[in-house]
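Visitor: Below is the sequence, then the predicted model.
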Amino acid sequence: MSTFTETIKQSRGIERIVEGVATSDGAGVSLTRVLTGRLQQRLDPFLMLDAFGSDNPDEYIAGFPDHPHRGFETVTYMLAGRMRHRDSAGHEGLLENGAVQWMTAGRGVIHSEIPEQEDGVMEGFQLWLNLPAANKMAKPWYKDFASNAIPEYVTEQGVTVRVIAGSSNGVAGAVTREVTEPIYLDVHLPQGRTFATALPDSHNAFIYVYRGSVVVEGSAVEQQRMGILDNAAGSDGVRIAAADDARFILVAGKPLHESIVQYGPFVMNTQEQIHQALDDYRNGRFN
């Protein structure tokens, strides 16, 4: 579908550029941790962003065997590859090119994410979105969205936008959340063109460029870099121009302003709640 972009009176700028940290997780999956613990308060309600991408099976083939989560949501966006999800609440699904998996861990779930390919490229992102204190012990929830279930639009400048969550330029995404109000866009921006979208002034926001490079209010954001958008008073959105053919994700959300206590795959509000999570997990009280 085609749409006309909203008029942005004052764009946010880039507050700082972040380079991710190369690491491995699961059973040895190579990835880049872009949003780390030290940014959790600044980018509240987001807790973590991992970017993964490799055509070397040794760097992804073992996947993520059974592991627990409590207190937040995981959003996995698969650009390329095949990943099988299974969890202790009885859910199962296959993530393929362009698909999204949205899982609310809530009071506790044990799941696995295992590649169903032996060669080729596996590439995508996993984003952790915090749950408000009132919802941390909610019943676990899970849904797969095939690529063709992700709403998409093309602007008058030929920019293709996939709306995973929230809304952009009048197009509603696949997922909405009332409290954190997340916006999650995948933007394909041709060289020399500009993309604009409104952003609530209450939201923290960032972009991560995974192809090419972009310019935001005079500041360049190169490939494999996160640009944290400032919270300048009076800004009503963001304008992003392509220095060359570029692709990036734009993520924004309303901060919870609650304490964040994390112990590995558990994110709660107090140390006592973390102790309870560990006790519940060790004694088989997760779904």
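Guide: Yep, it's here.
Visitor: Leaving out sequence neighbours, find the closest residue to residue 217.
Guide: residue 13 (4.0 Å; Cβ to Cβ, 6 or more residues apart in numbering). Every residue, glycine included, has its C-beta placed from N, CA and C.
Visitor: how near is the one you found to residue 103?
Guide: From residue 13 over to residue 103 the distance is 33 Å, taken as Cβ to Cβ, to the nearest Å.
Visitor: So those two - more neighbours on which side?
Guide: residue 103 (24 against 16; other Cβ atoms under 10 Å).
Visitor: which residues are contacting stretch 64-75?
Guide: Residues outside stretch 64-75 that contact it (Cβ atoms under 8 Å, 6 or more residues apart in numbering): 25-27, 29, 47, 100-114, 126-131, 136, 164-165, 177, 184, 265-268, 273, 277, 280-281, 286.
Visitor: For that stretch, what does the pLDDT average out to?
Guide: Here stretch 64-75 scores 94 as its mean pLDDT.
Visitor: which of the residues in it are buried?
Guide: For stretch 64-75, burial by neighbour count (16 or more other Cβ atoms under 10 Å) applies to 64, 68, 69, 70, 71, 72, 73, 74, 75.
Visitor: quick one on the thing from earlier: could I have the PyMOL command that selects the buried members from the contacts of stretch 64-75?
Guide: This is the PyMOL syntax for the buried subset of the contacts of stretch 64-75, where burial follows 16+ other Cβ under 10 Å:
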select buried, resi 26+29+47+100+101+102+103+104+105+106+107+108+109+110+111+112+113+114+126+127+128+129+130+131+136+164+165+177+184+265+266+267+268+273+277+280+281+286
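Visitor: roughly how far apart are the residue nearest the centre of the chain and residue 207?
Guide: Nearest residue to the geometric centre of the chain (Cα atoms, centre = their mean): residue 127, 3.3 Å. Remark: distance between residue 127 and residue 207 (Cβ to Cβ) = 13 Å.
Visitor: Spit out the residues that contact the two alike.
Guide: Common contact partners of residue 127 and residue 207 (Cβ under 8 Å, 6+ apart): residue 251.
Visitor: just to revisit the earlier point, looking at the buried residues of stretch 64-75, spot the one nearest residue 42.
Guide: Taking Cβ to Cβ as the measure, residue 42 lies nearest residue 72 of the buried residues of stretch 64-75, at 17.0 Å.
Visitor: Would you mind stating the distance between the closest one and residue 108?
Guide: Distance from residue 72 to residue 108, by Cβ to Cβ: 11 Å.
Visitor: How about residue 164?
Guide: Going from residue 164 to residue 108 by Cβ to Cβ gives 25 Å.
Visitor: Tell me where this protein is predicted with low confidence.
Guide: The chain contains residues with pLDDT under 70 at 1-4, 287.
Visitor: hey, where'd the helices end up in it?
Guide: Taking DSSP state H as the criterion, the chain carries its helices at 271-282.
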